[in-house]
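Student: what follows is a predicted structure for the sequence shown.
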Amino acid sequence: MSREKPRRANLPPVQSNIDKLEEVINGGNRYGAQQMYKSISARYVSAERYFEALDLLHSGACLQLKHGEVTCGSELAVLFVDVLVKGKIPCDEEILDRIWKIYKLFPQISVHSNLDAHDDVQQLTEAIGEAKIRLHGCSSFLKAAIKWSEEFSTQKNGDPQLHTMLAEYIYSESPEVDMVKVSYHFVRGRNIKKFASTLVNFMSKCYPGEDDIAIARAILMYLSLGNLQDANSLMDELRKQLQSHEMDFPVSDLIKFINLLLLTLEKETLQLFTAMRIKYNDSVDRDHAFKELLDEIAEKFYGVQRRDPFQDMFGDMLKVIIDIPF
């Protein structure tokens with residue numbers, strides 16, 4: 001028996017549902033509206049009327065977020081991206097603009113100053129809990145969007161604008177800032193000025209010894225992608241912004257290593273690269289991830305194949321077996 005094609009004409013124009021659900025939300029029944037958004041959008045998807053489902057979910061996500069319903073809004077935002085995938089909708093500026101509009105409606109609160117304003121333990125706990133909810137909701141939405149853009153655009157790592165949005169939100173909303181995640185997404189974005197300003201802001205309030213590590217991490221992440229141009233651009237922008245803020249550029253052996261590394265990669269000399277790694281090994285050891293990043297850089301710039309730790313372990317076991325006397 002052949003499968004019946006989805007019926008496309010048995011649903012009303014989507015705008016009538018948008019208007020009806022807006023009235024439900026404005027009337028205060030946001031949970032009831034949430035269930036209706038999900039069920040009605042599923043009908044449009046089943047009928048392969050993907051763009052109408054997108055209109056409905058976009059409207060719902062924006063409305064819920066405007067009313068401060070972060071959990072409901074983020075759930076509809078993720079469903080919006082899910083429809084993009086199901087409908088195989090290409091990543092273009094129009095869709096990215098709609099994603100940006102949802103993103104801008106997520107509450108953006110300076111969580112650190114908000115926490116400082118509370119002395120009461122219960123208030124602190126509540127503020128941290130609310131920040132985590134905002135972060136989880138927006139991150140889930142943008143991570144889904146990045147994954148969609150990887151599949152339906154020419155960008156191997158996903159759309160840079162989406163990475164920048166996620167980096168900004170993680171930095172703004174995290175009760176404890178994870179600069180590894182922040183840098184990971186900024187490096188895959190294209191907004192070097194914003195990345196530099198975020199690093200300068202972090203350096204103004206981080207613990208001693210964290211500032212040069214943050215800079216080194218950012219540069220090494222760029223280089224691990226083979227992106228020497230943006231690594232140099234970030235260093236130049238950092239110097240400019242630190243000077244305008246009357247802040248000193250960190251001075252340490254790790255920063256010396258990074259500066260020399262940028263010059264070395266311009267000359268493409270593997271011998272010097274290897275010698276530098278040995279000389280500055282103690283500085284590199286300050287962050288456990290730096291050696292892995294340097295291995296990736298060696299592969300990108302010099303074609304040096306990374307050693308497989310499992311093969312090394314197998315080789316050691318084989319050597320022990322061979323050495324056993326019979």
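Tutor: Everything's here; your move.

Student: right, and residue 302 touches residue 272 too?
Tutor: No: judged on CB atoms under 8 Å, residue 302 makes no contact with residue 272 at a distance of 10.7 Å. For every residue, glycine as well, the C-beta is placed using N, CA and C.

Student: state the phi and psi torsions of residue 30.
Tutor: phi -80, psi -30 (degrees, to the nearest 10).

Student: just give me the neighbour total for it.
Tutor: Neighbourhood size, residue 30 [other CB atoms under 10 Å]: 18.

Student: from residue 88, how far off is the nearest residue to it once chain neighbours are set aside?
Tutor: Once flanking residues are discounted, residue 30 sits nearest to residue 69: 5.3 Å by CB to CB, 6 or more residues apart in numbering. Separation of residue 69 from residue 88 (CB to CB, to the nearest Å): 30 Å.

Student: neighbour-wise, which of these two wins?
Tutor: Set residue 69 next to residue 88 and count neighbours by other CB under 10 Å: residue 69 wins out with 20 against 10.

Student: centre of the chain to the helix ranked longest in the chain, how far?
Tutor: The helix that spans the most residues within the chain, counting by DSSP state H, is helix 121-151. Relative to its chain's centre, helix 121-151 lies at 11 Å (CA atoms, centre = their mean, to the nearest Å).

Student: and the host helix or strand of residue 242, what does it pack onto?
Tutor: If you go by DSSP states H and E, residue 242 is part of helix 228-244. Judged by 3 or more CB pairs under 8 Å, 6 or more residues apart in numbering; DSSP states H and E, helix 228-244 is in contact with helix 192-203, helix 211-224, helix 253-267.

Student: return the most buried member of the ones you listed.
Tutor: Among these, judged by mean count of other CB atoms under 10 Å, the one packed with the most neighbours on average is helix 211-224 (a mean of 23).

Student: what angle separates that one from helix 192-203?
Tutor: Using axes from the mean of the first three to the mean of the last three CA atoms, to 10 degrees, the direction of helix 211-224 lies 150 degrees away from that of helix 192-203.
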